[in-house]
Each structure stands twice: as C-alpha cells, then as structure tokens.
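Student: Pasted the sequence and its predicted model underneath.
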Amino acid sequence: MSTQSHSRPLSRPSLPLVLLAGLLVILWLAGGASRDSAAGQVIVRGAAWAALIMGLLLCRPAFSAARPVWLLLGSMVALALLQLVPLPPDVWQALPGREPFVEAMDITGQAQPWRPWAIVPGGARNAAESLIVPVTTLYLATALNRTERRWLMPVLLSLIGASMLVGLLQFSGVVLNNPFINDTAGEVSGSFANRNHFALFMAFGCLIAPIWAFSHGHGWNWRIAVACGLVPLFVLTILATGSRAGLLLGVSALGIGLLLARDGLKALFDKAARWVLPAIIAGVVAMLAVLVLLSIVADRAIAISRIVEMDPGQDMRSRGLPTVIEMIGTYFPVGSGLGGFDPLFRMHEPFGLLKPTYFNHAHNDFLEILLDAGVPGLLLLLAAVGWWGWASLRAWRGPARRAGGLARLGSAMIFLVLVASVVDYPARTPMIMAVLAMAAVWLATGPDEERDRIGNAADYPSRRSALPRKR
C-alpha cells in the first residue's frame, strides 16, 4: 500500500517568517541588554530597520488581526516622539520639577532656550529608537499565516534552549564574554546582561515546552521526550541564576505550563486508568523537588541561597523606593521624560544611598513609567493592562483547540512579564520586547483564527505564479 497519500509536503517558509526568525537570532546574540551604551544596540536596531524595510516592500501584514496591539504600540511611539518636541520657554518652565534647571540658566545670565518635554532628551531619543524592535516584530508577526505563527514556538524554544546552554556553561565556570552586552563576569545570565531577565527567559521555556509537545496530535512523539528533558533543565538553570524573582516566575510558569498541556495529557492517557495521569504528574513534581533539594544540598541553588541570606536593609530596591516615590510627586503629572531615570535619580539621591555602584532604574517599571511619562504614561499603561485582561478572559473562556492554545500561551507570557516588571525592567530589553510583541499577537489573533485572512509576499506571489496565464 502506498504511503504517499498520507505524507504532507513541507511548505516553504515565507519571507516574513524568515525575516522574523533571523531578527530573533540577532536579538539572541546582541539584544540581551537594555543599556543604551551596549554595543549590541547598534546591531539590533540596524537589523530591525533592515527587516522592517524589506517587510514594507515585500510583505502584506493583516493590521486588523492585531488592531489593539497596533494601537497600543503606536501610542507608545507617539508618546516617545512627543516628548522630543521643543516647547516654548514659558511652557517648559511651567512644567513641574523644572525649577533647578531654570535657576541654573538664570545664574549664567543666558536666555532660556526652547526645550523638549523630556529633561534628558538623549534618554527619550534612545527610548523612541528602541521601539523599532517591537514595531518590526509586530509587523512581521502579523504578516504570518496561522501555521507560521505556530512555527514561532519551536523557533523561540530553540533560542531559549541555546541561552540555557550558555547559562549552564557559565555556571560550570566557563568565562563567556559577550562583547555586545554589558554582562557581569561570573554571573549566570546566559545571553542577557541581567540574570533576572535571563530567568524570565527560562520561565518562558517552561510555558512553551508543554504546549509545543502536546499540541501535535495524539500518542508519544519526540517532542514530548524533548520537552520532558528541557523543563527540568530550565528549572535548574533558574535556580543557578541566583534570581529571587526568577523562582516565583519559574514556579508560576511551570504551573501554567502544565495547565496549558492538560488537554494533550488527557488525550495521551485517554485509554489508561484514571490514576495513571495524576500519578505521572505527581512523579514529575516529585522529581523536580528532588532535583531542587539536591541543588540546595550541593550549594548550587544560588537563588534560594540569596533568599535565605537576603537583608532587606541592603536591598537597593527597597531603600530607593521612597526616593522614587518622592520623584514621582515632584514631576507629576507630566513626568520627567523617558529614559532619564539615572541622571535624575542622582540629583535626588540622598547621601545615605551613595555607593560605588549606581541605581540605573527604579526596578519597578510601573513606577518608572509613572515617573517618566506622568499621567499620559499611566493611562497608556492602564489601557495596555486592561486590553490584556479582557483578551485573556476571552481566550481562557473559549475552547483551547480553536487557537491551539496560542492565545492562552500569549496571555501567560505577558502575565510573567507583568509580574517581573514589579521588581525589574525586563520589557526594556530588546529580546524581551520582541517576545512580548509576539505574545501579544498570539493573544490578539488566537481566539479568532477561523476568521484569519492573512496573506504575505512569499505566499501570494508564488501562488499567482503557479497559475497558468491566458494568452
């Protein structure tokens, strides 16, 4: 009996998918730092501009498929650009918190110039330029068809696995100096400059691996074996990072990942006794608990050790919080301007907080957005979180099979970023920006895949060229 009728031809990846995959690889290599002085920023933004220009010329995205995401991201770009528009001296001086700069100019006897809303224009300019990464990612992701959006899962999972291998090498003592990011020697941070961002990336792996493994039909397959091997490694890598927030993210991701995979697990053990599936889940949890315990005994669970040894009085997050809140009140309601936290914090920093290292961010992105952008930033933040909540409710209420779990996966990934942003600033890193944009597309388009009418340049030209022309 011939098997040809059962085989499915491999479809050629479209141009948007190739461009997006290539951009993600470059982001993995050079997009793990948020600092504007990192060498990788030039490479990352150059690659994003090149991919966007090619996409504009050759791809047809479906803007309506992710209209809320486009509106939110467009508003972010508009707000960043608006902060760079020069204002008349009288208007600028009337903004709260500008008095010290006005007095400095008065002492020198110079005339007050036109100035932009942002007190640190260079920081606002860098913030606006950084948004090219999520804009390009969103453009290319909305140019993908339903199948190709699913292909992003193994692409992203591969990059997470590669970053995990780098982290494990660092943990073993191998010194890996990435010239494109400002990483710290001896710290387990993978392809990132910040171990908290790396731990978040590993948590993404705990989410993606189960749904990738259990959403491709019934029966055992190689994907399940790979996922079962990757998830424990992701968990152990999170422990090795020393990230205390990463522990919470890892546990949350693991629980949500198992929840996302429950339909596939039920289908896999459909004919088995009822006790088999709960017993296997309990065994997996017990195995992970044993691995964690062994890591603690071997003094390898650095994240847990940092929790035990943590001194709240020495934590700059808690010590700097009163100053950050005071700064918010000083510049409210218009804000101080995007990207200016570092120099402005040094102005307001009390002597008791002075130390050899500097406080580069508020380590609470919600507060920093309020400080930088004031009421406009707060409204935009509330709109973004509100859309996420509404879309998530819609995705989790509907049947998972309609979107193959992509919408729920996107919802969970955004949730992890929101949780991580309470104590850090992951969404300022180019790699996390791109992942966040992809997750938003998954969430926006997942429940309505049956209405998807997306076309792309690699799709429709080849189909048209295959049709015979009338002569």
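Tutor: It's in. Numbering: from 1, shown residues only.

Student: quick one, longest helix in the chain?
Tutor: helix 365-397 (DSSP state H).

Student: That one: what's the following helix or strand?
Tutor: As assigned by DSSP states H and E, the chain's next helix or strand after helix 365-397 is helix 406-420.

Student: thinking in terms of the whole chain, how far from its middle is that following helix?
Tutor: 9 Å (CA atoms, centre = their mean, to the nearest Å).

Student: name the helices or strands packed onto it?
Tutor: helix 146-171, helix 195-214, helix 244-260, helix 365-397, helix 430-445 (3 or more CB pairs under 8 Å, 6 or more residues apart in numbering; DSSP states H and E). To be clear about C-beta, it is placed using only N, CA and C from the backbone, and glycine gets the same treatment.

Student: buried stuff in the first one?
Tutor: Read that as helix 146-171. 148-153, 156-157, 159-161, 163-164, 166-168, 170-171 (16 or more other CB atoms under 10 Å).

Student: Residue 37: neighbour count?
Tutor: Residue 37 has 8 neighbours, counted by other CB atoms under 10 Å.

Student: what stretches of the stretch 1-150 of the chain score poorly on pLDDT?
Tutor: 1-11, 106, 108-109 (pLDDT under 70).

Student: Let me see the ranges of the strands in it.
Tutor: With DSSP state E, counting those that start in this stretch as the criterion, the stretch 1-150 of the chain has strands at 86-87, 115-116.

Student: What helices and strands are in contact with the last one?
Tutor: Helices and strands in packing contact with strand 115-116 are listed as strand 86-87; criterion 3+ CB pairs under 8 Å, 6+ apart.

Student: Direction included, what does the strand it packs on pair up with?
Tutor: Looking at strand 86-87 with DSSP bridges, its partner strands are strand 115-116 (antiparallel).

Student: buried stuff in stretch 22-29?
Tutor: Buried, per 16+ other CB under 10 Å, within stretch 22-29: 23-29.

Student: what does it rub up against?
Tutor: 40, 43-44, 47-48, 51, 133, 136-137, 140, 155-156, 159, 162-163, 178, 180, 191, 430-431, 434 (CB atoms under 8 Å, 6 or more residues apart in numbering).

Student: Narrow those residues to those that are buried.
Tutor: Looking at the contacts of stretch 22-29 with 16+ other CB under 10 Å, the buried ones turn out to be 40, 43-44, 47-48, 51, 133, 136-137, 140, 156, 159, 163, 178, 180, 191, 430-431, 434.

Student: Report the residue spans of the stretch 151-300 of the chain with pLDDT below the cut-off.
Tutor: 216-220, 265-281, 283-285, 287-300.

Student: Residue 36 is nearest to which of the helices and strands packed on helix 406-420?
Tutor: Among those, helix 430-445 comes nearest to residue 36, with 11.2 Å by CB to CB.

Student: now the buried residues of stretch 22-29 as TSV including distance to residue 201?
Tutor: Below are the buried residues of stretch 22-29 laid out as TSV (distance: CB to CB, whole Å):
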residue	distance to residue 201
23	16
24	12
25	14
26	16
27	11
28	9
29	14
